[in-house]
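Engineer: compute the structure for the input listed below.
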Amino acid sequence: MKKSQPDPKRGAEPKAASPKVAFPKKNQPPSAAAFAARLPLSLGKRLEMARTFLLKQKGVREDLYFYGPKTGWALRYLLGEQPLCSLVLHEESPVGIVSLDAASTDTIDWKALSDVARTAKKHAHGSPAMLWLDIPLAGTGTADFKAILRVKLATLGEG
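Structural biologist: A predicted model of the protein is given here:
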């Protein structure tokens with residue numbers, strides 16, 4: 001890949017291109033199958049593994065949700081009417097996004113999870129009362145995502 005040269009008139013480095021949003025147009029919702037179809041085979045399989053796991057959970061349903069032009073469309077999962085998580089494509093990679101309340105966060109055995117989950121926790125956004133984790137589904141991320149969701153589902157089931 002050729003590196004861009006600075007513009008001598010401006011004297012500054014060119015801005016890095018912003019990541020391309022997979023499905024940016026609100027009036028063009030994709031099918032659920034279109035998400036995995038955009039990915040290389042191995043990543044598409046990981047996305048489908050996460051979808052299959054979610055759809056097998058009692059009371060969980062899938063819908064398409066538009067998060068805005070910077071994020072685009074995502075597969076959103078609800079337990080009843082309560083949001084559970086979302087699967088999005090970010091920079092042509094699948095990412096699981098899950099919100100965790102304090103009770104769920106405290107219940108998770110973070111040491112038993114891989115570096116992927118621990119890094120996601122370290123970079124989580126939100127507040128201690130509600131953390132938002134972005135977990136890449138490549139490598140060990142899918143297993144971590146499912147383990148975190150099992151805890152969240154158990155916590156929601158108690159309520």
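
Engineer: I figured A74 hits G68, correct?
Structural biologist: No - in this structure, A74 is not within contact of G68 by C-beta atoms under 8 Å, at 10.3 Å. All C-beta spots, glycine's among them, are computed from the backbone N, C-alpha and C.

Engineer: so between the two, which is more surrounded?
Structural biologist: Using other C-beta atoms under 10 Å as the criterion, A74 and G68 rank with A74 on top: 23 against 10.

Engineer: what is the more buried one paired to in the beta sheet?
Structural biologist: According to DSSP bridges, the residues that bridge with A74 are Y65.

Engineer: and the residue nearest to the spatial centre of the chain, what does it touch?
Structural biologist: The residue lying closest to the centre of the chain (C-alpha atoms, centre = their mean) is G96, at 2.4 Å. When contacts are counted by C-beta atoms under 8 Å, 6 or more residues apart in numbering, G96 touches A50, C85, S86, L87, D134, I135, L137, G141, T142, F145.

Engineer: between those residues, which has the most around it?
Structural biologist: Going by other C-beta under 10 Å, F145 tops these with 30 neighbours.

Engineer: cheers, nothing more for now.
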